[in-house]
Structure formats: C-alpha cells, structure tokens
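*Asks:* Got a predicted structure here, sequence first:
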Number of protein chains: 2
Amino acid sequence: MNGAESLVHTLLQGGVDVCFTNPGTSEMHFVAALDKIDGMRCVLCLFEGVVSGAADGYARMTGTPAATLLHLGPGLGNALANLHNAKKARSPVVNVVGEHATYHIQYNTPLTSDIAGIAGPVSEWVKASQDAQSVGPDGAEAIAAARAAPGQVATLILPANTAWGKDGVVGTVPAIPEREAIDANEIDAAAEILKGGKRTLLLLGATAVFEEPLELAGTIAAATGCDVMAEGMNTRLQRGAGRLAVNRIPYPVPQALEVLKPYERILLVGAGRPAAFFAYPNSPSLLAPEGCEVIALATPEQDCAGALAALADAVGAKPNSATLQPLARPDRPTGPITLESIAAAIGALLPENAVVIDESITTGRNFYPTTAGAPPHDWLQNRGGAIGLGLPMATGAAVACPDRKVICLESDGSGMYNPQALWTQARENLDVTTLVFANRAYNILKGELANVGAGNPGPRAHDMLTLDRPAFDWVSLAKGFGVEAELVDNADDLCRAFERGIAVDGPYLVEVLI
Amino acid sequence: MNGAESLVHTLLQGGVDVCFTNPGTSEMHFVAALDKIDGMRCVLCLFEGVVSGAADGYARMTGTPAATLLHLGPGLGNALANLHNAKKARSPVVNVVGEHATYHIQYNTPLTSDIAGIAGPVSEWVKASQDAQSVGPDGAEAIAAARAAPGQVATLILPANTAWGKDGVVGTVPAIPEREAIDANEIDAAAEILKGGKRTLLLLGATAVFEEPLELAGTIAAATGCDVMAEGMNTRLQRGAGRLAVNRIPYPVPQALEVLKPYERILLVGAGRPAAFFAYPNSPSLLAPEGCEVIALATPEQDCAGALAALADAVGAKPNSATLQPLARPDRPTGPITLESIAAAIGALLPENAVVIDESITTGRNFYPTTAGAPPHDWLQNRGGAIGLGLPMATGAAVACPDRKVICLESDGSGMYNPQALWTQARENLDVTTLVFANRAYNILKGELANVGAGNPGPRAHDMLTLDRPAFDWVSLAKGFGVEAELVDNADDLCRAFERGIAVDGPYLVEVLI
C-alpha cells in the first residue's frame, strides 16, 4: 500500500467519502488510489473555486467534511476565496493539496510555491507529510482537525513521493471531543438578564438557527418577552411554516442601527458581536447602541442548542409555547419583472424541503420576508463575503442532499466568478434550479459608492460598476456548460420557468431579466 | 486630495496608466479617484484571475507594470494563480488590494483576512499603508519594487480609511537601478569555455530570447561551434523569419535528457539550471548529463543582452554571421483535423508581427516547429505552470499592443479556468483570435498518470481526466460572453475560420474539434 492508498483508506474510515477534485500531475497517485479503492465519490470540477465552494455546501448540509483534491499552490490559490468563505462559515473541509516530491522542491521549478504559506490564511490546520508512512496518520489528524466543533478547514499537503512511497499506514481518526456545554452559572446569569426587565435581544448564529434551538428560543421569548433575531448572514438557517420565524440584522448600517436601537442587552448564542460588514466614514463599526451590554452566552464552538435548552429551563419556558410561523405564501405574481414580483414568485413556488442558496445580493433583499411562510426549507448564505460562492455551494449541497431540491438565487455579477459549477451540475445531474438575476451591474457597488461618501459616479466609475457592455447571455453560457436554460422578462414567464426547473430532475437555469 | 487620489496621481507619474480592475466596496474611493483624475485606462474584468493574468500579459509586452485593483483577501486569492505565473515570468505588476479601514479589522467581519499573508507567497514586495499621507509614497515604493529588473510582483494593501483620509501626498518613484553588467573576468572565463573544445550549450532565457541577443548568440555559435537553445517555457521569445531559430528543452523528461546528453558544458544566460517540471519515480530532477558543468553567466536580473554582446566580442564573433531563419511556411492543410494539420494551419497562416499566447499543452507540441519560419512574431508561454493563463494573458497583451494581432492557442481544459476573459475582450474590442483545441480531456494527465508509474487508468481515474460528460460547447460559451465564435471539424474549415479571425478587428474564437 503506497502513501496515497493509505490516505484514501484513512479518509474512508474517517467518514470522508466525497472528494471534489481538480487534479494535476502531482496528484496522479492519489487519483490512481481512488481508482483502486472503492467507496469514494469523486466529483470533478473545472475550476478550484468550484471545488472549495462545493465542499462548503456539502459540509453545511451534512455537518461532515468532504475532501478536496487540489494541484499545488496555484490550485489551492484558485480555491482560496471559497475556502475563506468555508472558514468563516465554520464548515469542516479536508483539503488534499499535491506538492512536488520533497527532494524536487529545492529546484524551484515553475509550479514550486510556498503551499503552506498560501494555506495558512484560510486554514485552521496545515501540515505537509514528510514520508509515505506519515500520510495516513496525517490524514487522520486532518479529519480530526476539520471535525473540531463547529468545523475547521484542514489542509494536508501531499508531496508526490509521499504518495507514491511504499509502506503506507492507515490512520485512525481520534475521537472528536463533544461540544463544550455552557456552565450553569452562566446560564443562570443569562436567565437573570432575561428576567431583569431590560429590553433584551437573543441574537442567534451558527447551529442555534437550526429548527429545534430556534423553537427553544421561541419559548424563551414567550416566557420572558425578549426578542429573537439571527445574524445578517447565516451558515444554515432552518425556516418556513411550522418553525420560528426570525429576522436578521440588516446589511445596511443605518437600518442595522435602527433595528438594534431599542435593546439594552444583547445575548449572543452562536452569534458574533454585531458589527458592520464594512466600515464607512462617520459611521460606527459596532452596531449595538451605546450603553447596551453584549453578553456572549455560547460561542459557535460550544453547545448552542444545549445552551438554549438550559436557558429555556432556567427561565421557566413552556414546551410548545413558541409562536411558530403559519404556512402563508404570497400570490403568484403577474406583470412585469420587479424586485417585488421576483420575491413573490419565489415565495409562491418554493418547494417543500428546499435548500436555498442565497447569493442574490441587492435583488434579493425582498426574498426573505416573502418566503417566511413557505413550506420548511434551509437558507444558506455567504458567510465570508467572497462573492461567487452561490453556484459552487449549490453544487455541493445537491451532492449532499440528493433527495432535496436545491434553489440557487444568484446575481449575475456574483455568478460570473465560478460559472464553471454549472458543468459539474450537468455532469452529476444535480437537482439544482438556478435563478440568475440579470441587472447587468455590480448594483451593490453603486450604493456603496454613495455610502462611502465617494460621491456620484462619473463615467469611468459608472463603467466599472456596470456589466452591460456587452450584456451577458446566461442562456448561452449555461448551454455551453451543458445545462438547459431559458430567459424570462415577465413575472408570468418567471413563474412558469421556475416551476419547470422545479419539475426537472437535474440542473436548470432561468435568467431573470431585470 | 485624499489618499486614493494621491495613489492614482503617483501611479500615473510613475508610468502606470493601465489598471485591470475587479473592485468592491473597500475600493470605492480608488474607483472615485480614477473617475476624477484623467489618464488611467481602466479595464474591468469579471474575475480576478483575468485581472492578474492580463497584468502579466501586459507587462510581458510593454516591460512596464500595469496596476491591478483587487477586493480584499479573497479578491487577491482569486488572482493568486496568475500572480504566481507572473512572478515566475518575472513580470512587473503593481497590485492594489483594498482592505477594511484599519480600525475595523479588529472586528473580524466576514471579509477580514490576512491579506499580507495571502500576498506573501506571490509577491516580492508587500506593504499595507497605515495612513492617507503614506499612500502615495508607498505606491511609489511599489512601482519601484515592481520595476526592479527583471520585474517583480509588488502588492500594496490599501485600507479604506487611508483611501478616504485627507492630505494625500503624491509619491515620487525613485530611479530604477540599471541592470547589473557581467564582470569582464566572467565573460572571459565563459569565452574560454566556448573555445575550449568541450561540447557546449548556450542556454538562453529571460530577455536573452529577444531578437537582438538571440542574433548575438547566433554569431557566438558561428564563431565557436556551440549550440544555442532556449528554456522549455519562455516569458517572451522573439522568433520567425529573419531571426535566430532556437529549439527549447522538451517538457517530457526522457526527451529532455536525450537532447542535453551530448553536452559537457552548459552556459546559462538568463536561463535557470535545467530541471524537470515535475519529479517522477526513478527519474532525475536535474537534466544535465553527469559530468556536465553548468555555469551561470548571467541571471535574469542581470544584463543578459550585454553579456551576450560582450561574449560575442570575447570569442571574436562576426556581425551578421548568425544563420537566421528563412521565411518558410508549411502548406495550407486540408482533410481531417489532426495534431499535424492544426500545426500546419497555424504555420501557414500566422500573421506577421503576431503575439502568440501558447497554452495549447498536448495539442501544441507540433506548433513550435511549424511556425519557426513564419513571419516574425513573439511567443509567450506559461512560466508558472498554473493553467488558465492563456485567455487572460491574451487579453493583457492585446491591451498592450493595440496594433498587433494576438493569437491565443488554448486547450479546452486550461481555457475553462478563466473563460471570463472573453467578456473583457468583447468589452474592449481586443484584437485576439483564440483557437480552442477541444480534445475534451485533461490529455496531459493521461500521459502523466503513466509517467508517474501509477498504471493504466481504471474507470474512476479515466473519468477524472476526461471532459466529455458533458462536452463543452465553446461557441455557446463565447456567445454568452459576447464573443463571436464558430466550431470547425476539418482542416479546410479551420483555415477559413482562422483567416476570418485574423481579418476581424476584435475578438474571435474558433473551437477546433479534435
């Protein structure tokens, strides 16, 4: 058994049985090992941004890591933006990055680079195997690192000679520690805050926005009168009819300040201290009002669900006391395409148990309210702000959940970062319906240009924020990648096209002309 | 004048008047400054791999840096692979990377990352400006660093508040040191080697493969009987009728060993010590035969052309004694598409003064000989091995050379890394004719799988090396990005389509079905 084979065995024994790949020469022994050993689902991607974004989507929906297979420093570089997103989402990922044979690195040939240096900023764990016998145990360490709660990016660098070298050893993944429970004193202190009469916000993030902890939060609200809210961007928020509906902190700073203004206490469970996405001149970075005390009850690493259960007990919350969302859909829209009619179409038609990938940026600011009463579904957002995650994340989520419909809400600017994901969707016949919102601009930046006080755009700035010279043709692009697609320019056709996508068993793309 | 404005003035005064951009919120003041101040050509790209690859192509053809505009760590990450290529090509590049306001970084909001850490592995110079008054002088330092011979990647990190802060100062670029001349003793020692009767190879790289130094090398060969060869991959090699024809070290190790076997001395001028691109089991990393002495006469940083001139003098070489390449084109091919007929078509039709971007990988191994006698042209290759450079580099070369035809020879696997470059070609009406060779496989990897001794591919490995499930449709893709395209499946149509592309004033793509 060579080193590469020992790694494949280690991954499989460690429960890692999906590998998103974009291999090169230095990974050929790993590819051969995947061939020889049964059990790994290999999903080929044309570009490494698709690989890493898919691994993020897969991890969010399964809670377990997929492997990636990347070709030296540049392959890792191409994966970097979506690894950044995965890291910020706290998604477990095991990167396997090929490297030159250890003795070859010194010759500084074209592909030589500082792989560990590139990996560092997007990985919580990085190691380069030194010989074939270490590869399996190193792989086991990588899996353990990736699985450390709530999830980490672990990068294993695999020099070619450690892959082809003999006497590989299958590694054993150590037991993953349980999530740390919150100390009873801290629960009691939090309960005192909730009962203390100050206006309090229970701000939820990470796994606290899953169905059960959300309902617990709803019972706490019922018992104490606190409000419940979620972070602005969530890794995986479970919502829809029969669940607790929560609003999120708005992205625009003035709105966020307004929403948080009433609170004297903010209790964080899985959420971070509320902060502006970007800084703006004469605008605060921190969003809680002056004098508001912000208390972290449970971090994303800790047992957020357990903390809410204990807190519910401590405040005397009653089971089934949460006010849950009733089924309530908007009417099917008709007439022209507007931000409102798009939002209504999604709310009216979203299928039950859908996995929604939301990278709709400015177009999508109405989507959240109109889908609140849709049948139960998961809502996944970009946690790291590196745009281009949508199509890859949808790809990985669909690999993770073959029995669920994935709905990808994508803006045309963001979709252009990793459009190659469509090819993998076609190749694997993944059940993804993508709506691309073609406003043919980096619309958010037009607002941001004003927000930062940079004034009204002149012709050169305007030109850098618009995408209509030439306009994209997403239908042709999708066809080029092997995905069926159509263009719609009114709400009736949008509804029909969306329904067609939902009915198809496989990928379908609708370009929505705004 | 705010910091961003001081930087734009500094760039313009430092001769940097092209900026390849993919901006975001934190770069809005820089965008506004570009709007306000005349003189900068802004070229918008949909993806940062296009930005950095275009900057590489631009630098290779002008010898001066373009600026890039990138959005925080993830934007830089997306640019990383082609910055790696630029670094290996020794191309001057000035990256301007936006960053959160200095006081905002501590809140670790979604886009916060270790930008300097990401920049390090692909930059020779990295600095984050600390206040608005430093931005201009820091920019001047960046330009000087980029221009240090033969060229470097310099990354300037621009926190938003240093861009919007007041009292910006325009920086002055210090004088760039001349390239170091080679010591007369070393020239004499090299001359002794050439005259010493040992079989000697003059191995050229970097600027030594420009027209004039090549001809000098030809006169040295005529005087001493040495052979002249170029590195396997070249930043910019000038060739064709009327110039010295040189072969390159082959990529496959067995062929490279065979080609270098006769030599007892190898004299390097701008070239590195010959080494295998990858290591393979039971195959050497270094390619020179045992006992062969390898002497570095001039490094890429030094004055390679001057070294060859001095060496020509020292060996008594006569002007006009070099045997130059006569004009000699292959016949226009007819019949089926084969590797031979494609190579003949390119040789038969390559226009005079073309800039050829060669990322044709396995398909292109015949292109070099059939184009040797074409009219004079430049031949640019991927120096860093991070595939996906072709379309972006063609984009940048076309911006640099509006009066020359750029011919991009691209394989379909590599082309899928940064296809978004086509949109910028359409937007700027860049005069690029792209031939995409559709073998619908990572064909090189099929050979590499055997080369590394990993055996014949089984179905899973085969599946990871083939791209025909589904087949791409490059004509649709190009149309999606706004570029006219056609598919050809025989040599006659290939010739007609290539001629059409050459005749068009703007981008044109031909998918060549193999």
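*Replies:* Received, thanks.
*Asks:* Report pLDDT for the closest residue to A:E301 other than its chain neighbours.
*Replies:* Once flanking residues are discounted, A:E301 sits nearest to A:A149: 5.4 Å by CB to CB, 6 or more residues apart in numbering or on different chains. C-beta: built from backbone N, CA, C; applies to glycine. If you check A:A149, the pLDDT there is 94.
*Asks:* Pull the contacting residues for A:A149.
*Replies:* Residues in contact with A:A149 (CB atoms under 8 Å, 6 or more residues apart in numbering or on different chains) are A:176-177, A:179, A:301-302.
*Asks:* Can you classify it by secondary structure?
*Replies:* coil (DSSP: H, G, I helix; E, B strand; the rest coil).
*Asks:* Phi and psi next, for it.
*Replies:* Dihedral pair for A:A149: phi -60, psi 140, per degrees, to the nearest 10.
*Asks:* same check, this time on A:A394
*Replies:* phi -60, psi -40.
*Asks:* Please identify the helix or strand for the closest residue to it other than its chain neighbours.
*Replies:* Distances taken as CB to CB, 6+ apart place A:C408 nearest to A:A394, at 3.8 Å, with adjacent residues excluded. Element membership of A:C408, judged by DSSP states H and E, is strand A:406-411.
*Asks:* which other helices and strands contact that strand?
*Replies:* Under the contact criterion of 3 or more CB pairs under 8 Å, 6 or more residues apart in numbering or on different chains; DSSP states H and E, strand A:406-411 touches strand A:355-359, helix A:390-400, strand A:432-438.
*Asks:* helices or strands next to the first one in the packing?
*Replies:* If I follow you right, that is strand A:355-359. By 3+ CB pairs under 8 Å, 6+ apart, strand A:355-359 packs against strand A:377-381, helix A:390-400, strand A:406-411.
*Asks:* ditto for the last one
*Replies:* In terms of contacts (3+ CB pairs under 8 Å, 6+ apart), strand A:432-438 is packed against helix A:339-349, helix A:390-400, strand A:406-411, helix A:412-415, helix A:491-503, strand A:508-513.
*Asks:* got the ones you listed as a markdown table, with mean neighbour count and mean pLDDT columns?
*Replies:* Supplementary listing: those in a markdown table, determined by neighbours: other CB atoms under 10 Å in any protein chain shown; pLDDT from 0 to 100:
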| stretch | mean neighbour count | mean pLDDT |
| --- | --- | --- |
| helix A:339-349 | 23 | 97 |
| helix A:390-400 | 31 | 98 |
| strand A:406-411 | 28 | 97 |
| helix A:412-415 | 25 | 95 |
| helix A:491-503 | 19 | 98 |
| strand A:508-513 | 24 | 98 |
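*Asks:* Among those, which comes closest to B:E258?
*Replies:* Evaluated over these, closeness to B:E258 peaks at helix A:390-400, with 43.7 Å, by CB to CB.
*Asks:* From what I see, A:L465 and A:P459 are in contact.
*Replies:* No: A:L465 is not in contact with A:P459 according to CB atoms under 8 Å; the separation is 11.0 Å.
*Asks:* In the stretch 201-350 of chain A, which residue sits nearest chain B?
*Replies:* A:A279 (3.7 Å; CB to the nearest CB).
*Asks:* just checking, that residue touches B:Y103?
*Replies:* Yes: contact status for A:A279 versus B:Y103: in contact at 7.1 Å, counting by CB under 8 Å.
*Asks:* Pick out whichever of those two has more residues nearby.
*Replies:* A:A279 (25 against 11; other CB atoms under 10 Å in any protein chain shown).
*Asks:* Next, the more buried one: phi, psi?
*Replies:* According to degrees, to the nearest 10, A:A279 has phi -90, psi 150.
*Asks:* Does the longest helix anywhere in chain A reach chain B?
*Replies:* As assigned by DSSP state H, the longest helix anywhere in chain A is helix A:72-89. Yes: counting by CB under 8 Å from any CB of the partner chain, contacts between helix A:72-89 and chain B involve A:72-75, A:77-78, A:80-81, A:83-85, A:88.
*Asks:* Now do the same contact list for A:A241.
*Replies:* A:325-328, A:373-376 are the contacts of A:A241 under CB under 8 Å, 6+ apart.
*Asks:* ok, the residue nearest to A:E301 to chain B distance?
*Replies:* 19 Å (CB to the nearest CB, to the nearest Å).
*Asks:* With A:W423 instead?
*Replies:* The value you get for A:W423 to chain B, if CB to the nearest CB is used, is 7 Å.
*Asks:* And the pLDDT at the residue lying closest to that residue once chain neighbours are set aside?
*Replies:* What sits nearest to A:W423 in space, not counting adjacent residues and going by CB to CB, 6+ apart, is A:F481, at 4.2 Å. Per-residue pLDDT puts A:F481 at 98.
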